[in-house]
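S.K.: Have a look at this fold, sequence not included:
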């Protein structure tokens with residue numbers, strides 16, 4: 001009995017720790033300064049009977065990003081609007097690419113799909129949101145809490161600085177302070193009696 005309990009405990013711990021570091025798919029906020037691009041890996045039945053579990057590295061205009069993806073994983077990128085080429089590399093040398101024209105504030109979905117172990121028998125294609133979300137809901141973020149790395153075409157995902165409101169404080173003197181200043185100017189001979197009385201009347205009239 002003790003042996004059975006030990007085995008059950010070990011199985012439970014193995015199951016628990018095997019899920020650590022896996023972040024389920026989470027919808028990202030769309031920003032007005034960039035295009036949001038999701039990329040996920042889907043494996044076709046043509047490769048399911050093998051033990052191979054290929055990994056893919058993404059690139060933008062031929063510049064590779066950090067980290068890789070495998071079956072059931074996804075990444076997201078915030079890219080500058082405009083025309084660019086997204087590259088998918090398998091086994092570091094096999095490459096497929098897709099050209100896209102991105103618009104700010106929009107979301108795009110790309111699927112990487114393998115057909116066989118043969119050289120370059122995989123594709124990267126754009127899919128609609130309905131197809132993508134069905135697959136993405138069953139994926140996890142590639143890497144351990146890894147986010148998209150920055151290359152020249154990527155927008156660094158920092159929150160924009162909040163607007164700073166500058167408040168101008170006007171320090172006003174009281175009537176008493178103004179009268180004392182005027183009296184001091186009179187004592188110093190900078191104001192005549194007539195000028196002092198006139199200034200005094202103006203201060204008191206405010």
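M.R.: Received the coordinates, thanks. All values reported here derive from a predicted model rather than from experimental measurement.
S.K.: What residue spans form the domains of this structure?
M.R.: 23-141, 175-205 (automatic domain parsing).
S.K.: how long is the shortest one end to end?
M.R.: The separation between the terminal residues of domain 175-205, taken as CA to CA, to the nearest Å, is 10 Å.
S.K.: Now that domain: buried residues?
M.R.: 178, 179, 182, 186, 191, 196, 199, 200, 203 (16 or more other CB atoms under 10 Å). For the C-beta atoms, the positions are set from N, CA and C on the backbone; glycine is no exception.
S.K.: export those residues to a markdown table and tack on distance to residue 91 and secondary structure?
M.R.: Converted to a markdown table, the buried residues of domain 175-205 look like this (distance: CB to CB, whole Å; DSSP: H, G, I helix; E, B strand; the rest coil):
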| residue | distance to residue 91 | secondary structure |
| --- | --- | --- |
| 178 | 84 | helix |
| 179 | 88 | helix |
| 182 | 88 | helix |
| 186 | 93 | helix |
| 191 | 92 | coil |
| 196 | 94 | helix |
| 199 | 89 | helix |
| 200 | 92 | helix |
| 203 | 87 | helix |
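S.K.: quick one: residue 89 and residue 140, what's the gap?
M.R.: From residue 89 across to residue 140, the span is 21 Å (CB to CB, to the nearest Å).
S.K.: ignore the last one, residue 192
M.R.: For residue 192, the distance to residue 140 - CB to CB - is 87 Å.
S.K.: Under the pLDDT cut-off, which ranges of this structure? List them.
M.R.: 1-21, 43-53, 116-120, 144-173 (pLDDT under 70).
S.K.: Just the element for the closest residue to residue 126 other than its chain neighbours, please.
M.R.: Among residues not flanking residue 126 along the chain, residue 110 sits closest, at 5.9 Å (CB to CB, 6 or more residues apart in numbering). Taking DSSP states H and E as the definition, residue 110 sits inside strand 107-114.
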